[in-house]
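**Q** Please find the sequence and the predicted model below.
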2 protein chains.
Amino acid sequence: MADAPKANPVRNKRISNGANAVVGQSGGPTAVINASLVGVIEEVNKHSEIEDLYGAVHAVAGIVKEDFIDLKKLSADKLEEVAGSPCSALGSSRDKPDNEYCARIFEVFKKRDIRYFFYIGGNDSASTVHIINSMADEVGYDLRAFHIPKTIDNDLLVTDHCPGYGTAAKFEACALMGDDLDNRALPGIKIDVIMGRHAGFLTAATALGRQRDDDGPHLTYFPERPVSMDKFLSDVEGVYRKLGRCVVAVSEGICDADGVVWAEKLAKERETDAHGNIQLSGSSSLADFLAGQVRGELKVKRVRADTFGYLQRSFVGVRSEVDSDEARRCGREAVKFAMEADSGSVAIKRIGHGADYAIELFLTELSSVAEKTKPMPLEFINAGGDGVTEAFIEYAMPLTGGLPKTYYLGNEPKV
Amino acid sequence: MADAPKANPVRNKRISNGANAVVGQSGGPTAVINASLVGVIEEVNKHSEIEDLYGAVHAVAGIVKEDFIDLKKLSADKLEEVAGSPCSALGSSRDKPDNEYCARIFEVFKKRDIRYFFYIGGNDSASTVHIINSMADEVGYDLRAFHIPKTIDNDLLVTDHCPGYGTAAKFEACALMGDDLDNRALPGIKIDVIMGRHAGFLTAATALGRQRDDDGPHLTYFPERPVSMDKFLSDVEGVYRKLGRCVVAVSEGICDADGVVWAEKLAKERETDAHGNIQLSGSSSLADFLAGQVRGELKVKRVRADTFGYLQRSFVGVRSEVDSDEARRCGREAVKFAMEADSGSVAIKRIGHGADYAIELFLTELSSVAEKTKPMPLEFINAGGDGVTEAFIEYAMPLTGGLPKTYYLGNEPKV
């Protein structure tokens, strides 16, 4: 990450004091995206250069409709409460502005003298900021445009990790800790399908809560490493024969040995199914398909499968304090950067490891984050392609903060 | 509950000092079943009448195999840690002992001079205790047999509520609070399938976190009140037209107007499907089926469905302190009852309401709890059969303890 492209802190765009700013939250919500929002608000409140701060309700959709709320009038107490509340307090949108859409955005920007644009989101949101920023340059509209990273998938380029990931990783760890204890209590084979179409970071996080040698997940599969049905079944059988049980975490984006995503194969199969009065969502059908294969091929009686779904990004009551603090810092820093630079995406650099974990923030070019996604580094996946490495644990553990301890007594000495 | 049958505190069975006790955990794990276990241990530790306390690993299966650990040697610190850890620390079993099985249990009881039997579980577990107790009477083996209630479904008879339910209810409330915020951020129709084949208590708990007038779940359906597909679609459409979004919580046990459980209908349909290479678990297919119906009939673009699955009973990190305390108290009290009575099931009576919420414990006959289940009282379901009443909120809120607050800014005054 040391050689990541840094945005040039030039001030080509002249903005008079008293101009206005807008902030929006885009894409899928996370547990800490409101912490970033509050970071923006509290830092803007310190800068007299900025007159009004508009909160765009439902992101760019709210900008074109001028659906704005006044974020400067929120009290400090209210700000703390909003920062602690999960999901996008301003609402979100998946709109991807085209030229006409951007033209309408500029009309609103001009009408309201909006010269600062802060947008919290993933790579699509970075792309939106990049497009709007480029168009502003083209038409000679002086605008400072900043992307603030968030995604539970942790798949943005340049940054060491993404705000939102730490809490989602903690959710996965807590979920698998419980699911593994459940599987100890009533042994069998359990398959859990985890979010992450292109990157395995969330699936890898299911391993973070392991405390005993025989704790699950015993097998984990990622989009980055294809797995054939033969290998999958043989792996599961191996663990089951050894432990009498097996807990498997599977990314929704895992693909077959031919590189085709399993969920897409299943969807295609179903399209050609004339029966077809039952429509399946891709991911829960993956869980059911895998469970069916295990049940059929391995002749194991107790096979269960869950798809964790939207709980992974929205569950109230689980939060990584590190993640929350960093998300807030990213929001604050975006505003500070806006006083010194013209545009960019806020990125995290890790400057301390393990017990000395620490980060600093820097600005990278919007183009380096826009649209692209980052797969999980292969050094985080073990040689067999069915588990994580110590390098992953060292990378991810500081991001979740402490995890609860669990106890199992069944292995105590017998009397 | 005032007229619930109370067990007669007679001491027909003479047990010499120095006899031994066994405790087991049966059925599906809960977040607080270990608190009940620790309650038993710490109370046994106070009674010199009991010499050894065996922990049966995997419940009755562990008894017949003499797979026992010595629970008296666990330190006070370790006990606190175990009490705070979810799922069955001794492992569980779904075995339902028949005559032969019981005969083997008695062999072990005699061999080890086990005269106290504590069994933590649901109605099937109460039934196991009842059977073993009756057989002990028949063969003239002096045994004191006690059932300690646990179930997330909250469907045991006699008791006001069951240890395990409060934490599971909190999980449902937290899940729906987040899911509703997620749906606000990216509006559409969301369907969540909740555990509970015969009782709607868990599905009803999804409503406990509502804080704003338009918070979801907007519709909730229970096994106790049949719902036709026509009504379901018409209800969903009504909410969607009004709010532009709709969050629905559906019990896995909901049935059609003809009284047949929807999930069973779907399973039957699929059996006759010649394609059949994809095996579905009942509940995730219900979610997909309902989403498919909504998508097809209401022509709404964004329709999502989740089945919460095993996370509902095993997730680590969510806990109701009230629930945990009561579970521990039930364990302690079972041992105290065993000093005064021959057999029974520990039950909870509510003696204070609202801010004055308080309980006391009493002993009821094993036969009054064994096998049967309790549906949710109809007074907890609204007239339309699609939501809960204030009576339910008053019943359930003290059991979860405080719930986190959430914030949405999109409805603030516009500027």
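**A** Looks like it arrived, so ask away. Numbering: from 1, shown residues only, chains lettered A, B, ... in the order given.
**Q** Tell me which stretches of the stretch 1-150 of chain A form helices.
**A** A:33-44, A:59-64, A:76-83, A:99-111, A:123-139 (DSSP state H, counting those that start in this stretch).
**Q** if we compare the ones you listed, which one ends up closest to residue B:344?
**A** Across these, residue B:344 has its closest neighbour in helix A:76-83 (47.4 Å, CB to CB). Quick note: C-beta positions are derived from backbone N, CA and C, even for glycine.
**Q** What are the buried residues along that closest one?
**A** A:79, A:81-83 (16 or more other CB atoms under 10 Å in any protein chain shown).
**Q** ok, how many other residues are close to residue A:250?
**A** 27 (other CB atoms under 10 Å in any protein chain shown).
**Q** oh, I was asking about residue A:243
**A** As a measure of burial, residue A:243 has 15 neighbours, counting by other CB under 10 Å.
**Q** what's it in contact with, if anything?
**A** Counting by CB atoms under 8 Å, 6 or more residues apart in numbering or on different chains, residue A:243 touches A:214, A:218.
**Q** again, but for residue A:351
**A** A:358-360.
**Q** Residue A:168 and residue B:338, how far apart?
**A** Separation of residue A:168 from residue B:338 (CB to CB, to the nearest Å): 46 Å.
**Q** give the contact list for the closest residue to residue A:93 other than its chain neighbours.
**A** Of all residues not flanking residue A:93 in the chain, residue A:59 sits nearest, at 3.8 Å (CB to CB, 6 or more residues apart in numbering or on different chains). Neighbouring residues of residue A:59 by CB under 8 Å, 6+ apart: A:24-26, A:90-93, A:95, A:119, A:121, A:125.
**Q** The same query, at a cut-off of 6 Å, please.
**A** A:24, A:26, A:92-93 (CB atoms under 6 Å, 6 or more residues apart in numbering or on different chains).
**Q** Next: residue A:407.
**A** Per CB under 6 Å, 6+ apart, neighbours of residue A:407: B:81-82, B:85, B:89.
**Q** repeat that for 10 Å
**A** With contacts defined as CB atoms under 10 Å, 6 or more residues apart in numbering or on different chains, residue A:407 is in contact with A:181, A:211-212, B:34, B:74, B:78-79, B:81-87, B:89.
**Q** and which of those is nearest residue B:146?
**A** Nearest to residue B:146 among those, with distances taken as CB to CB, is residue B:34, at 17.5 Å.
**Q** ok, how many other residues are close to the closest one?
**A** So residue B:34, with other CB under 10 Å, has 32 neighbours.
**Q** can you pull the pLDDT of it?
**A** We note a pLDDT of 98 for residue B:34 in this prediction.
**Q** Touching, it and residue B:327? I think so.
**A** Yes - here residue B:34 reaches residue B:327: they are 8.3 Å apart, a contact under CB atoms under 10 Å.
**Q** what do the two both touch?
**A** In contact with both residue B:34 and residue B:327: B:83, B:120, using CB under 10 Å, 6+ apart.
**Q** that older thread, what about chain B: which of the buried residues of helix A:76-83 touch it?
**A** Contacts with chain B within the buried residues of helix A:76-83, counted by CB under 10 Å from any CB of the partner chain: A:79, A:81-83.
**Q** most centrally placed residue in chain A?
**A** Residue closest to the average C-alpha location in chain A (CA atoms, centre = their mean): residue A:152, at 1.4 Å.
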